[in-house]
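>>> this is a predicted model, with the sequence first.
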Amino acid sequence: MKLAPVTAPTRSNSLAIALDWHFETGWADSEADLHAAQALRYQVFAGELGARLSPAAVAAERDIDRFDAFCEHLLVWACDGTGRQAPELVGTYRVLPPGAARRAGGLYAEQEFDLAPLAPLRPRMIELGRACVAPAWRSGGVILALWSALGQFMVRRELETMVGCASVGLLDGGGFAHALWQTLRTTHLVAPEWLVTPRTALPPADMPVSTPVSLRAMPPLIKGYLRGGARVLGAPAYDSAFHTADLPIMMRLQELSPRYRAQFLLP
């Protein structure tokens, strides 16, 4: 699950109140919806994080890969209740269900990790990917809207496990990513039978690693997953295209914290 950094929203709170903004979720059901999701991903991953995408993606200004055709794409729209502004796409996830994963020849994360230990979970497992939120809307409301819709999706399809890659930028030379992994391996590592192996290990940091990393200092999306009951599946892989450290993450509905169960599985 490619996770963009989430910080406090830059959009004026007073403006949001004045315009009575609220969030609506839905699943892409047209080419226009898919293109909108890909454009938002391009804005965040290429424009903001400096990902080196394919020439076709750069020409179209949309983040495109072969897995898009197999995935279902969750969208969050910010809607102005006063009707003065058109709905704005502010968040997206793409979801690869078990049957679609078989048709795609595997999961996106299998390009980065040996996921063989997860074989028993696959019949009821989805992969989350390309999660991002528009810079002006990085607030808990968008994330909660995404997670609530995902929870309903999981329950409706009788699914149990979510996996994906949580990405950490390396602009600091990799020090924070290494420190985060060293912390999480002692606090949030899965049981030995679920451990996966990166295909390309994260290069050594350019500076000394300072540990531990406090929960408060972790990227908000990673922090949110951990608070909900997610576990790290093993050491991070190096994603050369996105220049990120990708931590393999697993979250199972049966292990959700009571607070997140109430929020994540909202009817």
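Cool, the structure landed.
>>> give me the distance from the helix ranked longest in the chain to the chain's centre.
The single longest helix within the chain, with elements called by DSSP state H, is helix 140-156. How far helix 140-156 lies from its chain's middle: 12 Å, per Cα atoms, centre = their mean, to the nearest Å.
>>> pretty sure residue 94 is touching residue 74, no?
Yes. Using Cβ atoms under 8 Å, residue 94 is in contact with residue 74, at 7.3 Å. Glycine gets a C-beta too; all of them are placed from N, C-alpha and C.
>>> neighbour count for these two, which is higher?
residue 94 (26 against 22; other Cβ atoms under 10 Å).
>>> now the stretch 1-150 of the chain, which segments are flagged as low pLDDT?
By pLDDT under 70, the weakly predicted segments of the stretch 1-150 of the chain are 1-19, 139.
>>> how much space between residue 244 and residue 167?
Here residue 244 is placed at a distance of 4 Å from residue 167 (Cβ to Cβ, to the nearest Å).
>>> same check, this time on residue 250
16 Å.
>>> and the two? which has more neighbours close in?
Neighbours were counted for residue 250 and for residue 167 using other Cβ under 10 Å; residue 167 has more, 27 against 22.
>>> give the burial count for the closest residue to residue 235 other than its chain neighbours, as a bare number.
Nearest residue to residue 235, sequence neighbours excluded (Cβ to Cβ, 6 or more residues apart in numbering): residue 198, at 5.6 Å. Residues near residue 198, counting by other Cβ under 10 Å, number 20.
>>> tell me the contacts of residue 198?
For residue 198, the contact set (Cβ atoms under 8 Å, 6 or more residues apart in numbering) comprises 112, 113, 234, 235, 236, 237, 238, 246, 248.
>>> for it, name its beta-bridge partners.
Judged by DSSP bridges, the bridge partners of residue 198 are residue 113.
>>> helix, strand or coil for the closest residue to residue 218 other than its chain neighbours?
Excluding its sequence neighbours, the residue lying closest to residue 218 (Cβ to Cβ, 6+ apart) is residue 180, at 6.6 Å. Here residue 180 takes the helix state, with states given by DSSP: H, G, I helix; E, B strand; the rest coil.
>>> show me where pLDDT drops low in the stretch 151-267 of the chain?
If you take pLDDT under 70 as the line, the stretch 151-267 of the chain has these spans: 265-267.
>>> going along the chain, name the strands of it.
Using DSSP state E, counting those that start in this stretch, the strands found in the stretch 151-267 of the chain span residues 161-169, 197-198, 231-232, 237-239, 244-252.
>>> list of residues touching the fourth one?
Okay, so that is strand 237-239. With Cβ under 8 Å, 6+ apart as the criterion, strand 237-239 contacts 112-113, 165, 167, 198-203, 244-246, 248.
>>> one more time with 6 Å, if that's ok
Outside strand 237-239, the residues that touch it by Cβ atoms under 6 Å, 6 or more residues apart in numbering are 112, 113, 198, 200, 202, 246.
>>> thank you, goodbye.
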